[in-house]
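A.B. asks: Need coordinates for the following:
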Amino acid sequence: MERENTLEARGETFFLNLRFMLIVTVFAGNAIEPLISRMSGMHGLYMWIFSFHMPLFVLVTGYFARKSLTGGAGRKVLLQIGMQYLIFQTLYSALDVSLFQVDGIHHSVFAPYLLLWFLASHACWRLLMLGMGKWSAPAQIAFAVTAGVAVGYLQVDGVWFSISRTFVYLPYFVIGYHFSFGAFTRLYRKYFKTAAAAASVLFLAVLAVASPELPLGWLYGNMTYMQLGAAEWYAGVYRLAVYTVQIAASLAFLGLVPYGVSRMTDWGRRTLYVFLLHGFIVRLAAVSGIYGYLGNTAGALLLLLAAVLCTVLLAQPAVKRWLHPLVEPPVDWMITLQRAALRRTP
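C.D. replies: Numbers count the residues shown, from 1 in each chain. Below is the predicted model:
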């Protein structure tokens, strides 16, 4: 029992470290997006980030969902996700209309605003896992991969209800839910972990130099095959190929993640604040016109440094104290009202 508790604690530390490193890449990726068409190095960095950061973020989410999927805890998480979605969908949409004015945005509660797709999909992943609760792990993964491939054939805009990303990234949530940290540590011993880290850095270098012309929609996961220009009946094979690349890139990046407790571990506990709030900073930077002065290597490096520093800043305990009611709105009152209503039902 003691060994299991120790292993669980080590696993939590590792995944908190990973979660913080991933939110840094999320912030950095969104920050450099306006530069990728002008700088091949930034395009390569952007592709490297998108090859692993969302698959791993979803995997981490699935890993931590194991403790709160069912019962009262699961119901509370779903209610909180719903409240977060409504609050930030309203805030981002209102600021977009008044200040950001981003092109191509669907202003509807049924079309998640940019990064908010993750909240909508997170709720769906939890519901899907509940529905698959009696299935074996291999059956769940097989269904998730099949659904991820099949959703690309739908003749609808994948943005609505975040339906495309929900199913495209579902396999990673299922894998995370069943992830064995013990098996992982047995494989990722010193030399293997070092080799994986080296492979990730090498992959970044290759992308920075070669900058392949892969349509980024394949890495975003939010478009149908028709929208991606792949109308062939076998287009699903391309999705399987992308899954293969993402899994390889993710396994390589895991070699960079430390096992030990550090400040990063503590910051990893508050990545939700970074995730939901960083969009305001990125949008304000775009509106300010600052990107017109960042067309060289020095400017790009300063932008990346600013993204890292802002990530650390938003992960501070003080930010949580100030903005806790907004980012993690209380939902106990909703549960209390629900119970009271049920008691009154004859």
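A.B. asks: What helices and strands are in contact with the longest helix seen in the chain?
C.D. replies: Scanning the chain for the helix with the most residues, using DSSP state H, yields helix 2-32. Using 3 or more C-beta pairs under 8 Å, 6 or more residues apart in numbering; DSSP states H and E, the elements in contact with helix 2-32 are helix 40-50, helix 53-65, helix 181-187, helix 263-267, helix 271-288, helix 297-314. C-betas here are computed from N, CA, C, even on glycine.
A.B. asks: which of those is buried the deepest?
C.D. replies: Neighbour counts (mean count of other C-beta atoms under 10 Å) averaged over each of these peak at helix 53-65, with a mean of 23.
A.B. asks: quick one on the thing from earlier: and the angle from the longest helix of the chain to helix 271-288?
C.D. replies: Orientation check (axes from the mean of the first three to the mean of the last three C-alpha atoms, to 10 degrees): helix 2-32 against helix 271-288 gives 10 degrees.
A.B. asks: Give me the mean pLDDT for helix 2-32.
C.D. replies: In this model, helix 2-32 has an average pLDDT of 90.
A.B. asks: which parts of that helix are buried?
C.D. replies: The neighbour-count check on helix 2-32 (16 or more other C-beta atoms under 10 Å) flags 10-32 as buried.
A.B. asks: what about that helix, distance to the chain center?
C.D. replies: Computed by C-alpha atoms, centre = their mean, to the nearest Å, the chain-centroid distance of helix 2-32 equals 12 Å.
A.B. asks: what's the answer for stretch 242-255, then?
C.D. replies: Chain-centre distance of stretch 242-255: 15 Å, with C-alpha atoms, centre = their mean.
A.B. asks: Please list the residues outside that stretch that contact it.
C.D. replies: Here stretch 242-255 makes contact (C-beta atoms under 8 Å, 6 or more residues apart in numbering) with 18, 48, 51-52, 55-56, 59, 145, 148, 171, 184, 188, 192-200, 203, 218-219.
A.B. asks: now the residues you listed: which count as buried?
C.D. replies: Buried members of those, counted by 16+ other C-beta under 10 Å: 18, 48, 51-52, 55-56, 59, 145, 148, 171, 188, 193, 196-197, 199-200, 203, 218-219.
A.B. asks: mind checking how far residue 223 is from residue 211?
C.D. replies: For residue 223, the distance to residue 211 equals 21 Å [C-beta to C-beta, to the nearest Å].
A.B. asks: make that residue 71, sorry
C.D. replies: 49 Å.
A.B. asks: And those two? Which one has more around it.
C.D. replies: residue 211 (18 against 8; other C-beta atoms under 10 Å).
A.B. asks: so which of the helices and strands packed on helix 2-32 gets nearest residue 157?
C.D. replies: Evaluated with C-beta to C-beta, those place helix 53-65 nearest to residue 157, the distance being 19.2 Å.
A.B. asks: Return the list of helices and strands in contact with that closest one.
C.D. replies: Here helix 53-65 touches helix 2-32, helix 117-131, helix 170-177, helix 236-253, going by 3+ C-beta pairs under 8 Å, 6+ apart.
A.B. asks: List every C-alpha atom in it, with coordinates, as CSV.
C.D. replies: Listed in CSV are the C-alpha atoms of helix 53-65, where the atom choice follows Å, rounded to 0.1, in the frame of the first residue of the first chain:
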residue,chain,number,x,y,z
HIS,A,53,0.9,19.9,-26.8
MET,A,54,-2.9,19.3,-27.1
PRO,A,55,-2.7,15.5,-27.2
LEU,A,56,-0.6,15.5,-24.0
PHE,A,57,-2.8,18.2,-22.4
VAL,A,58,-5.9,16.0,-23.1
LEU,A,59,-4.0,12.9,-21.8
VAL,A,60,-3.1,14.8,-18.5
THR,A,61,-6.7,15.8,-18.2
GLY,A,62,-7.8,12.2,-18.5
TYR,A,63,-5.2,11.1,-16.0
PHE,A,64,-6.5,13.6,-13.3
ALA,A,65,-10.1,12.8,-14.2
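A.B. asks: let's number from 434 now, not from 1
C.D. replies: I'll keep to 434 as the first residue from here, and by that count the last item is helix 486-498.
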